[in-house]
Every structure is written in C-alpha cells, then in structure tokens.
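Chemist: below: sequence and its predicted model.
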Amino acid sequence: MGSYLDGMLRYFEFWGRSSRAQYFLFFLFQLLLVCAGMAIDYKMHGGFGRSLTQMPYTLFMVLIHILPAVTVQVRRLHDIGKSGAWFLLSFVPLGSLVLLYWAFQPSDGQQDYAENNAARPRQRTRSTIPAGVRMGNSGRLSNGGPDLNEGRFI
C-alpha cells in the first residue's frame, strides 16, 4: 500500500528512481482499484453498456491513474539506467513488452538519476508535495547512508 501511495503522492515527479517493488505494487493496486470500479459499475447498471457514461467509476479510476502510471514507469526506467524518453516505446507495437522486460531488470546502482542529482534543480518548484512530507528514504545522513526517518509521511 505504501508503494501505491508513494506513486500517487509523487504525481508529477519524473526525476528520481522507483524500485521493482514500488513499480509492481503500484500497478497491482491500480489494477485492483480499476477492477473495483468495474464491479461497482456492473452492480449499478446491471452490465456494461457501450457508452462510457454507464461506467463512471471505472472511467474515474482510469483517469486518475494515467499520469502517475507514466511517472512511475519513467522513474523505473531511471532505476535501470535508461532515459525516461524510452517510455515512448510504449506507443510502438510490442514496445510495451520491451518495457515490461526492462521493468524486471535489477537496479544499475549508478547515481545518474538519483534524488540528489546535480543536474536537477535544487528547488522542487514543480512538486505538489511539500518538502518535509515525503514517503520513502529520500533523506541522507552525513555518512552518505539513508536516513530512514527524515521526511517520512507514512
């Protein structure tokens, strides 16, 4: 659940990294919520019609998850050492299979797309999350190790 909430809280953050666990748990919870929306629509309307107006809950669940799904995918690509532009491969036939294969790859361990990358501006002006409210272990101790308590929301 924490991985899903982290993905939703980082709605507009294309920088940084997402681990395999965060990536797959986010999409698992997204799938469960879309299925729940479909079940509610099915119960309310007695079946699926041909109109999107007969599926409001499903449509709502899909729409609120479009951008977070893209950002989690881009951050996962950063974690394996690839540029986020590789996300455009999903618009090519069978390109999603390549992205799925890459999603299973382990982290490259490089710091190219790290949270504290010097290429990224120091101030997070585009983030919707206040600087002190973050999930995960974005804080760093003076010895370089992660500070697991600093800046944690959940």
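Modeler: Sure, I can see it. Numbers count the residues shown, from 1 in each chain.

Chemist: tell me where this protein has helices.
Modeler: Under the criterion DSSP state H, helices of the chain are mapped to 2-9, 20-45, 56-79, 95-103.

Chemist: worst average pLDDT in the ones you listed?
Modeler: Ranked by mean pLDDT, the helices of the chain end with helix 2-9 at the bottom, a mean of 80.

Chemist: reformat the helices of the chain as CSV; add mean neighbour count and distance to Gly109.
Modeler: Where C-beta positions appear, they are placed from N, C-alpha and C, glycine not excepted. Below are these laid out as CSV (neighbours: other C-beta atoms under 10 Å; distance: least, C-beta to C-beta, whole Å):
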stretch, mean neighbour count, distance to Gly109
helix 2-9, 19, 20
helix 20-45, 16, 13
helix 56-79, 19, 10
helix 95-103, 14, 16
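
Chemist: what's the closest of these to Phe87?
Modeler: helix 56-79 (5.4 Å; C-beta to C-beta).

Chemist: by contact count, what packs against the closest one?
Modeler: Here helix 56-79 touches helix 2-9, helix 20-45, helix 95-103, going by 3 or more C-beta pairs under 8 Å, 6 or more residues apart in numbering; DSSP states H and E.

Chemist: mind checking those for the one nearest to Asp79?
Modeler: The nearest among the helices and strands packed on helix 56-79, by C-beta to C-beta, is helix 20-45 at 7.9 Å.

Chemist: so the closest one versus helix 95-103, what angle?
Modeler: If you take axes from the mean of the first three to the mean of the last three C-alpha atoms, to 10 degrees, helix 20-45 sits at 130 degrees to helix 95-103.

Chemist: so which elements touch helix 20-45?
Modeler: Right, helix 20-45 is packed against helix 2-9, helix 56-79, helix 95-103 by 3+ C-beta pairs under 8 Å, 6+ apart.

Chemist: got the contact list for the closest residue to Val70 other than its chain neighbours?
Modeler: Spatial nearest neighbour of Val70, chain neighbours left out: Phe87 (6.5 Å); criterion: C-beta to C-beta, 6 or more residues apart in numbering. With contact set as C-beta atoms under 8 Å, 6 or more residues apart in numbering, Phe87 has these partners: 70, 73-74, 77, 99.
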